[in-house]
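*Asks:* Test case, fold it:
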Amino acid sequence: MARSRAHDFEAKQRAILRAAAAVFAEAGMDKASMAQIAGRADVSKALLYHYYPGKDALIFDIIRTHLSELNAAIAAAENATLPPRDQLRALVHAVLEQYRDADDYHMVQLNGTRTLSDTQRQEIVALERAIVRRFATVIRAIHPDIDQGRPILTAVTMSLFGMMNWAYMWFRDGGPVSRADYADLATDIFLGGFERLH
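*Replies:* Model prediction:
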């Protein structure tokens, strides 16, 4: 008979993922150990191995969870009744809010994808592409002729992601610019340059 899940399985799994992301962000993918992760999560190594057979499985689940939740947050922010510029602003706000307290997850995504198997990498790439498509659809609605003459939609979309994804390097909650302020600032900078595209 299959063993049933404990009532707090998902809460413990989430705590393990948070702890593992912190250890990977601090020590690096290669130097981090399962013992360090178990210690940070305040669980036994045996329990950690019950959830994840090794570091590779942890890295994959951290990235998959981070991107799946990001994609869901963006989907929840989509509102086709808004003008396209307002739709874009809502998506930028959703991303930057989802990034709150997620710096460790973000660092694992940036540095850990190379350690994944081909199958795992394909799943992560599919999630990343789904997220980018959500933005590209709105950007095309703002500028329907964006790819006339030369295909630049992807380059333009990824430029906006550059402003959002690298904010973790310098942005600090409680600083002179709030998270919502930066979401508006990034959107305004993007739209200001975007409207000058030919």
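
*Asks:* which stretches of this structure aren't confidently modelled?
*Replies:* Applying pLDDT under 70 to the chain flags residues 1-7, 197-198.

*Asks:* let's see it at 90
*Replies:* Scanning the chain with the threshold set as pLDDT under 90 gives 1-12, 29, 113-115, 145-151, 168-169, 193-198.

*Asks:* Not including adjacent chain positions, what is the nearest residue to residue 88?
*Replies:* residue 138 (4.9 Å; Cβ to Cβ, 6 or more residues apart in numbering). The C-beta positions use only the backbone N, C-alpha and C, and glycine is treated the same way.

*Asks:* And the next helix or strand past the strand or helix carrying that neighbour?
*Replies:* Using DSSP states H and E, residue 138 sits within helix 118-142. Using DSSP H and E, the helix or strand that follows helix 118-142 towards the C-terminus is helix 153-165.

*Asks:* Next, the angle helix 118-142 makes with that following helix.
*Replies:* 100 degrees (axes from the mean of the first three to the mean of the last three Cα atoms, to 10 degrees).

*Asks:* what kind of secondary structure is the closest residue to residue 163 other than its chain neighbours in?
*Replies:* Nearest residue to residue 163 in three dimensions, chain neighbours excluded: residue 186, at 4.5 Å (Cβ to Cβ, 6+ apart). Recorded secondary structure, residue 186: helix (DSSP: H, G, I helix; E, B strand; the rest coil).

*Asks:* Look up how far residue 109 lies from residue 186.
*Replies:* Counting by Cβ to Cβ, to the nearest Å, the separation of residue 186 from residue 109 is 19 Å.

*Asks:* Please apply the same query to residue 103.
*Replies:* 11 Å.

*Asks:* For these two, indicate the residue with more neighbours.
*Replies:* residue 109 (21 against 16; other Cβ atoms under 10 Å).

*Asks:* so who does that one touch?
*Replies:* 62, 63, 66, 67 (Cβ atoms under 8 Å, 6 or more residues apart in numbering).
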